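S.K.: After the sequence you'll find the predicted model.
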Amino acid sequence: MEIKQEEIYSKVLRAGRRTYFFDVRETKASDYYLTITESKKFSNDDGTFFYKKHKIYLYKEDFLEFQDILGEMISYVIKERGEEVISERHQKDFKSEDSKAVGKSASENFTDLNFEDI
């Protein structure tokens with residue numbers, strides 16, 4: 001028996017390496033529910049790539065509470081940290097501490113010590 005999961009209404013949000021798919025689908029009883037899928041692109045060592053997907057199913061009986069909590073969480077994050085992305089990984093010129101140290105000479109990586117007083 002084949003299960004038909006026709007998408008009734010869909011939206012896509014592309015966000016860097018991640019893509020979010022919002023799909024309204026129909027149950028066997030002809031009611032609607034929502035799926036939210038995160039698809040993230042990864043590269044293999046040989047240059048090929050693959051996607052990892054995570055999906056949640058959201059049913060009508062949970063819509064209002066889900067919407068309330070999601071809105072509350074988004075408001076909290078924006079209130080506490082603002083809308084600007086401050087993660088170092090999202091900065092185009094980000095260099096990890098290890099990569100910063102690579103460009104330094106060996107003497108710059110250590111504290112200068114003076115042994116004349118010994």
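M.R.: Arrived safely.
S.K.: which residues of the chain fall in strands?
M.R.: 7-15, 18-26, 32-43, 49-59 (DSSP state E).
S.K.: Pull out the buried residues from the first one.
M.R.: Taking 16 or more other CB atoms under 10 Å as the basis for neighbour counts, none of the residues of strand 7-15 comes out buried. Just so you know, the C-beta spots here come from the backbone N, C-alpha and C atoms, and that holds for glycine as well.
S.K.: Listing partners with orientation, what would you give for it?
M.R.: Partners of strand 7-15 in the sheet, by DSSP bridges, are strand 18-26 (antiparallel).
S.K.: Please identify the buried residues of the partner strand?
M.R.: By 16+ other CB under 10 Å, the buried positions in strand 18-26 come out as 19, 21, 23, 25.
S.K.: I'd like to check what contacts it. Which residues are they?
M.R.: For strand 18-26, the external contacting residues (CB atoms under 8 Å, 6 or more residues apart in numbering) are 5-13, 32-41.
S.K.: coming back round to it: ok, the buried residues of strand 18-26 vs residue 47, which is closest?
M.R.: Ranked by distance to residue 47 (CB to CB), the buried residues of strand 18-26 are led by residue 19 at 20.4 Å.
S.K.: For that closest one, list each beta-bridge partner.
M.R.: residue 14, residue 39.
S.K.: Could you do the one 5 residues further on as well?
M.R.: Beta bridges link residue 24 to residue 9, residue 34 when assigned by DSSP bridges.
S.K.: can you tell me how far it sits from residue 32?
M.R.: Distance, residue 24 to residue 32, by CB to CB, to the nearest Å: 5 Å.
S.K.: Find residues that contact each of these two.
M.R.: Here residue 24 and residue 32 have residue 8 as joint contacts, going by CB under 8 Å, 6+ apart.
S.K.: in the chain, which helix or strand is least confident?
M.R.: One helix or strand of the chain scores below all others by mean pLDDT, DSSP states H and E: helix 97-102, with a mean of 51.
S.K.: about what we covered before: which one of the buried residues of strand 18-26 sits closest to residue 55?
M.R.: Minimum separation from residue 55 among the buried residues of strand 18-26 (CB to CB) is found for residue 21, which lies at 8.6 Å.
S.K.: Brilliant, that's me finished.
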